[in-house]
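**Q** Next comes the sequence, and after it the predicted model I'd like to discuss.
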Amino acid sequence: MRWRAASLLVAAGWLWAGVAPAAQQSAEDYVLSIYEVLPDSDWTKLHYAPKLDVLIRRDQACAKATRAICRLDFDPLCGCQDFAGDYRLESIRSLSATRVEVVIDNGGRQVITIDLEPLGARWAIADIHHKDVPSLVALLSRDVSKE
């Protein structure tokens, strides 16, 4: 019984620290797996933390209802409209257990920071930051009708 209680405390500590004990890959490896196939993938199909997922879906519904661009007129994973023919991943590094910095060249150097959170046994994107959008969550949280 003591062993089980100790195991539960350790697992709770991992979760509190932002590290998913069931995750099969590091945050850096997860982000690398996204950016290795980025030009050929659909960013809307990735795993997002619940708050960001709701905001993305709300923006998509707004665009569909208004037949216009609401907030997302770019790919947030590159901070770009389109990928250049010479897109390449320059570097990737962990800033913490749940934050990863990516540097890409997509017709110009772009530094992107991805915040992750464990969601079950996998990672979910909680926020995306780059020079033009300091926080995707903040951008999508603003009320489009008031602008």
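**A** Good, I have the coordinates. Note that this is a predicted model, so its numbers are computed, not measured.

**Q** How about Arg142: what's its closest non-neighbour residue?
**A** Arg71 (7.5 Å; CB to CB, 6 or more residues apart in numbering). Yep, even glycine has a C-beta here, placed from its N, CA and C like the rest.

**Q** And for the one you found, the neighbour number?
**A** 21 (other CB atoms under 10 Å).

**Q** cool, and the one 5 residues further on?
**A** Residues within reach of Pro76, counting by other CB under 10 Å, total 24.

**Q** Give me the mean pLDDT for the longest helix seen in the chain.
**A** In the chain, assigned by DSSP state H, the helix with the most residues is helix 50-66. Across helix 50-66, pLDDT averages out at 93.

**Q** Check which helices and strands that helix is in contact with.
**A** The elements that helix 50-66 packs onto, with contact taken as 3 or more CB pairs under 8 Å, 6 or more residues apart in numbering; DSSP states H and E, are strand 122-129, helix 136-141.

**Q** what's the most buried one of the ones you listed?
**A** Ranked by mean neighbour count, these are led by strand 122-129 with a mean of 22 (mean count of other CB atoms under 10 Å).

**Q** and that one, C-alpha only, in CSV?
**A** C-alpha atoms of strand 122-129 as CSV (Å, rounded to 0.1, in the frame of the first residue of the first chain):
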residue,chain,number,x,y,z
ARG,A,122,0.2,12.8,-25.7
TRP,A,123,1.2,16.5,-26.1
ALA,A,124,-1.2,19.2,-27.0
ILE,A,125,-0.3,22.7,-28.3
ALA,A,126,-1.4,25.3,-25.7
ASP,A,127,-0.1,28.4,-27.4
ILE,A,128,2.1,29.6,-30.3
HIS,A,129,4.3,32.7,-30.3
